[in-house]
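A.B. asks: Everything below, folded, please.
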Amino acid sequence: MEERDLLHPDYFINREMSWLAFNSRVLEEAMDESNPALERLKFLAIVSSNLDEFFMVRVAGLKDQVKAGFNRPDSSGYTPKEQLRMINARTHHMVERQYQCLCEHILPLLEENGIHFLQAADLTQEQESFLDEYFDSLIYPVLTPLAVDQSRPFPLLLNKSLNLAVMLERRAENTNKHVFAVVQVPAVLSRFIELPSANGKVYILLEEVIKKYINRLFKGNEVTSVHPFRITRNADMTLDEEGAEDLLEEIEKELKKRKWGAAIRLEIDGQMDQEVRLILQEALEVHPRDIYPINGPIDLTKFFGFIQLPGYEHLRNETILPQPPADLIGEEDLFAAIAKRDILVHHPFESFDCVVDFVQKAAQDPDVLAIKQTLYRVSGDSPIVRSLALAAENGKQVTVLVELKARFDEENNIHWAKQLEKSGCQVIYGLVGLKTHCKITLVVRKEGDRIRRYVHLSTGNYNNMTATLYTDLGLFTSNPDIGVDASALFNDLSGYSEPPEWRKLEAAPKGLRKKFREMIRREVEKTTSENPGRIIAKMNSLTDEEIIGCLYEASCAGVQIDLIVRGICCLRPGIPGVSENIRVRSIIDRFLEHSRIFIFGNGGQPEVYLSSADWMTRNLDRRVELLFPIEQPDLAKRVTDIVDVYLQDNTKARILDSEGNYHLIHPQAEEPAFSSQLYFMQQAIDMAESKKREKLYATPYKVKDDWVF
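C.D. replies: Numbering: from 1, shown residues only. The predicted model follows:
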């Protein structure tokens, strides 16, 4: 039998096309009529937010490669130029579908439910009077018209800012010559202006109001046209970390540059005339292919703030409140509970409050000597950061690694890093050349005449806001071996210590790739025709060529592989003789799937792991990541059961075929519809209720009014 080249480009899906396929799956949720109207609007906003980041980073990077003359094909065989052409065709089609969904389906559905968006021509006399006053008192003082002529060049417009392109005729000069001006739509004002109405909620967009009264900004001129437009700029930072004397200062400089990077995409009003379009195209130096005519309101990300409109709960998914973790119900002492046994928490179905409490109690506990934590992304008003600051003020040894290079959270992280330093914390600003992406907290506590280490490890960030929106798994443990590994990790991150010999953990960038490779190949060695090897892996993205090659080798040997990959997947499943034993599914639902789970059959003695890392080259080679085992039998079974539930989903799961297309799974005849996330919601409620009914404990763990039993 002829040996195949398992790294042949034909066996790889292009990364950018796979990402766009993921965003198309998000768009499908907006188009799904079974989702409530405001939930559908939320998914449209997510599509726009995703596209913004995609253009600012991925498209910008490809354009930089083309500019530098880089022509080497990627793993799927496409050069940067070819990828840009494919992206252009796919994204134009996606945007058309997005706005068709908004204008033909969602907005009419909102109108049926009493939520109206008006144009200036639709206003009643009462609404006109209201807007006259509103414009003069609140909008006009903030506006600044910017003329463009020989003495005043085209203004440098902020990344992602919404602007109005205005064409004028100068009456005083008695000429038909047009002149051009720009008016920025102020981001400090609400995009949605509520109008007086006796019937439901009625809104008009801020840019529509400015267009209506634009003549007041250009007295003595005749306004011939007004059209909104929006620029997306290159926001990928280029840091010389080796040459930087102060990394924090260098990142602050780069953040300022990000606002003014080269224009990558231009979104324009679909009705914009050719003359205005050419002016913008020339001034911003964008290719015609990078211009996106929009038939609707530009920048749907602004609808994120509109989705929680009070009084319209029936247009949103029913609120499912996080439950108290069953293993903590009745436990009055959190540290005592962790000392007895490992505790697994499944967010957002089980509350993130226990993680916040872990740090808060450590900050206040007189027996706690030290707290060490990594922070990658935290919320704007983080209770965890406040607790770390309090711990330092209470005299505890507090060490915090704040990753300054967490993309688009750099500014927020710089703010918190400075606040923590002022409170007396020892702050580490990441490592040169690497991002610290692992999620770990170590609490060192004196108990009698001994020291005990308590550790929290997670697949997700220490962000109490996203913990209500993302699915993640966290482990509390006092396992001595994990405690020793945790201390060694922080010593490695903060000093010049050699990478440790791990007892339980494994870490990138030194050994994690090797560990995964060995575990995949072990399945090959132990597989037989009667007992084939087994791999189940859940992650956000799968792009690494070597790992994909190892999975192809395992498939060829008969290993049965199920992959649950939310986003990018460059592996092609189902290719005869290559990947026929690999199945790939993606789940898009109300919560963002974020947990990373890896299960290896190991000849009938399964090993279960959780990790902060995806199977991406950046995670395995350019980040500090952790892989941690779930060894307590009941918890290992629980994680295995969680994965089994995902594999049974037949309502929000989509199967990837060998051509790179995803197909929504539908329940078969007489088969009940089954949603994994709905199952986990109900499971958390049932577990909490069951634990309470056992009456083993006097009181639930930290009962809160918003917890459901």
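
A.B. asks: end to end, how far does stretch 186-202 reach?
C.D. replies: 21 Å (Cα to Cα, to the nearest Å).

A.B. asks: what does it contact?
C.D. replies: 113-116, 118, 123, 126-127, 130-131, 134, 138-139, 142-143, 161-162, 185, 203-207, 209, 302, 305-306, 309 (Cβ atoms under 8 Å, 6 or more residues apart in numbering). Yep, even glycine has a C-beta here, placed from its N, CA and C like the rest.

A.B. asks: helices or strands next to whichever strand in the chain runs longest in the packing?
C.D. replies: Counting by DSSP state E, the longest strand found in the chain is strand 221-233. Judged by 3 or more Cβ pairs under 8 Å, 6 or more residues apart in numbering; DSSP states H and E, strand 221-233 is in contact with strand 162-170, strand 263-269, helix 274-284.

A.B. asks: what about 10 Å?
C.D. replies: helix 37-53, strand 162-170, strand 178-184, helix 206-212, strand 263-269, helix 274-284, strand 291-294 (3 or more Cβ pairs under 10 Å, 6 or more residues apart in numbering; DSSP states H and E).

A.B. asks: Out of those, which one sits most buried?
C.D. replies: strand 263-269 (a mean of 23; mean count of other Cβ atoms under 10 Å).

A.B. asks: what pairs with the longest strand of the chain, and is each one parallel or antiparallel?
C.D. replies: strand 162-170 (antiparallel), strand 263-269 (antiparallel) (DSSP bridges).

A.B. asks: Mean pLDDT lowest where, among those?
C.D. replies: Note on the strands paired with strand 221-233: lowest mean pLDDT is at strand 162-170, with a mean of 93.

A.B. asks: Tell me where the longest helix sits in this structure.
C.D. replies: helix 80-101 (DSSP state H).

A.B. asks: Check which helices and strands the helix or strand just after it is in contact with.
C.D. replies: Counting by DSSP states H and E, the element after helix 80-101 in chain order, helix or strand, is helix 107-112. Helix 107-112 makes packing contacts with helix 37-53, strand 115-117 when contacts are defined by 3+ Cβ pairs under 10 Å, 6+ apart.

A.B. asks: Kindly calculate the angle that the first one makes with helix 80-101.
C.D. replies: With axes from the mean of the first three to the mean of the last three Cα atoms, to 10 degrees as the basis, helix 37-53 and helix 80-101 are set at 160 degrees to each other.

A.B. asks: Surely Ile294 touches Asp269?
C.D. replies: Yes: using Cβ atoms under 10 Å, Ile294 makes contact with Asp269 at a distance of 6.5 Å.

A.B. asks: Please enumerate the shared neighbours of the two.
C.D. replies: Residues touching both Ile294 and Asp269 (Cβ atoms under 10 Å, 6 or more residues apart in numbering): Pro228, Phe229, Arg230.

A.B. asks: how close does the last one sit to Lys302?
C.D. replies: Distance check for Arg230 against Lys302: by Cβ to Cβ, to the nearest Å, it reads 11 Å.

A.B. asks: how far does stretch 150-167 stretch from start to finish?
C.D. replies: Between the opening and closing residues of stretch 150-167 there is a gap of 16 Å (Cα to Cα).

A.B. asks: So Ile307 belongs to a strand, correct?
C.D. replies: No: applying DSSP: H, G, I helix; E, B strand; the rest coil, one finds Ile307 to be coil, outside a strand.

A.B. asks: was I right about it contacting Leu38?
C.D. replies: Yes: Ile307 is within contact range of Leu38, at 5.0 Å (criterion: Cβ under 10 Å).

A.B. asks: and the strands paired with strand 221-233 as a markdown table, adding distance to Ser382?
C.D. replies: A markdown table is the format used below for the strands paired with strand 221-233 (distance: least, Cβ to Cβ, whole Å):
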| stretch | distance to Ser382 |
| --- | --- |
| strand 162-170 | 30 |
| strand 263-269 | 32 |
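
A.B. asks: bridging residues for the residue lying closest to Ser161 once chain neighbours are set aside?
C.D. replies: Closest residue to Ser161 apart from its sequence neighbours, by Cβ to Cβ, 6 or more residues apart in numbering: Gln184 at 6.0 Å. According to DSSP bridges, the partner residues bridging Gln184 are Asn163.

A.B. asks: how about Phe350, what does it touch?
C.D. replies: Wrong residue type there; residue 350 is Glu, not Phe. Contacts of Glu350 (Cβ under 10 Å, 6+ apart): 322-328, 344, 473-474, 680, 683-684, 687-688.

A.B. asks: Name the residues of the helix or strand hosting Val524 that are buried.
C.D. replies: Following DSSP H and E, one finds Val524 within helix 512-526. Neighbour-count burial for helix 512-526 flags Leu512, Arg513, Lys515, Phe516, Met519, Ile520, Arg521, Arg522, Glu523, Val524, Lys526 (criterion: 16 or more other Cβ atoms under 10 Å).

A.B. asks: Mind listing the strands the helix or strand following that helix pairs with, and their directions?
C.D. replies: With elements assigned by DSSP H and E, the helix or strand that comes after helix 512-526 is strand 534-539. When pairing is defined by DSSP bridges, strand 534-539 lines up against strand 560-565 (parallel), strand 597-600 (antiparallel).

A.B. asks: Run a quick neighbour tally on Glu318.
C.D. replies: Glu318 is flanked by 8 other residues according to other Cβ atoms under 10 Å.
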